[in-house]
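> sequence plus predicted model, see below.
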Amino acid sequence: MTNEAEEYYSKGKHYFALMEFGLALEAFNEALTIAQADPSMEEIELAKLYNDIALCYYHLFDASQAYDYLKRSIAIKERLLDPTASTLEVARANLKDIESEMKPKPPKTPKRSWQSFGRMIWLRYFKIGML
């Protein structure tokens, strides 16, 4: 990674540690833009940037963007790393988590508590008694 890209990457890591995910995303995207323009850029560095961008999107509740960037990261890592590499396993686990969040969830049915049910019955009988 070039010095300029490394500087943005460090800023992104700093903001991420402070849980400033929007600022971290901006810094990582800037580092990615610089890195993609550099022909000597190593692919594993791109995978690292894609992974960090995916994490930012995940924390910003944009699961579809997180999924896309994580898939890019995993595709590179699968080509370059040992299939049992811990970083690859963690990325795959994160991808499964994101996939489960993207599945539509059935609507929740409201549940009545026994206390509110009893209050409702009491009010009905009370009103009937008053008539």
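On my side now, so go ahead.

> got a list of what the spatially most central residue of the chain touches?
Nearest to the geometric centre of the chain sits residue 58, at 1.5 Å (C-alpha atoms, centre = their mean). Contact analysis of residue 58 by C-beta atoms under 8 Å, 6 or more residues apart in numbering lists 66, 94, 98. (C-beta placed from N, C-alpha, C; glycine too.)

> apply 6 Å and report the result again.
residue 66 (C-beta atoms under 6 Å, 6 or more residues apart in numbering).

> which stretch of helix or strand covers it?
Element membership for residue 58 (DSSP states H and E) is helix 43-59.

> centre of the chain to that helix, how far?
Here helix 43-59 is found 11 Å from its chain centre; the criterion is C-alpha atoms, centre = their mean, to the nearest Å.

> one more: stretch 60-67?
With C-alpha atoms, centre = their mean as the basis, stretch 60-67 stands 5 Å off its chain's centre.

> and for it, what are the contacting residues?
21, 54, 57-58, 98, 101-102.

> can you rerun that using 7 Å?
21-22, 25, 54, 57-58, 98, 101-102 (C-beta atoms under 7 Å, 6 or more residues apart in numbering).

> tell me the first helix or strand C-terminal of the helix holding residue 58.
helix 63-80.

> buried sites along that next one?
Buried residues in helix 63-80, counted by 16 or more other C-beta atoms under 10 Å: 63, 65-70, 72-74, 76-77.

> export the next helix or strand after that helix as CSV, just CAs?
Counting by DSSP H and E, the next helix or strand C-terminal to helix 63-80 is helix 86-102. Below are the C-alpha coordinates for helix 86-102, written out as CSV (Å, rounded to 0.1, in the frame of the first residue of the first chain):
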residue,chain,number,x,y,z
SER,A,86,-8.3,-18.1,10.4
THR,A,87,-9.0,-14.8,8.6
LEU,A,88,-10.9,-16.7,5.9
GLU,A,89,-12.9,-18.7,8.5
VAL,A,90,-13.8,-15.5,10.3
ALA,A,91,-14.9,-13.8,7.1
ARG,A,92,-17.1,-16.8,6.2
ALA,A,93,-18.7,-16.7,9.6
ASN,A,94,-19.4,-13.0,9.3
LEU,A,95,-20.9,-13.6,5.9
LYS,A,96,-23.3,-16.2,7.3
ASP,A,97,-24.3,-13.7,10.0
ILE,A,98,-25.0,-11.1,7.4
GLU,A,99,-27.0,-13.5,5.3
SER,A,100,-29.1,-14.5,8.2
GLU,A,101,-29.9,-10.8,8.9
MET,A,102,-30.8,-10.2,5.2
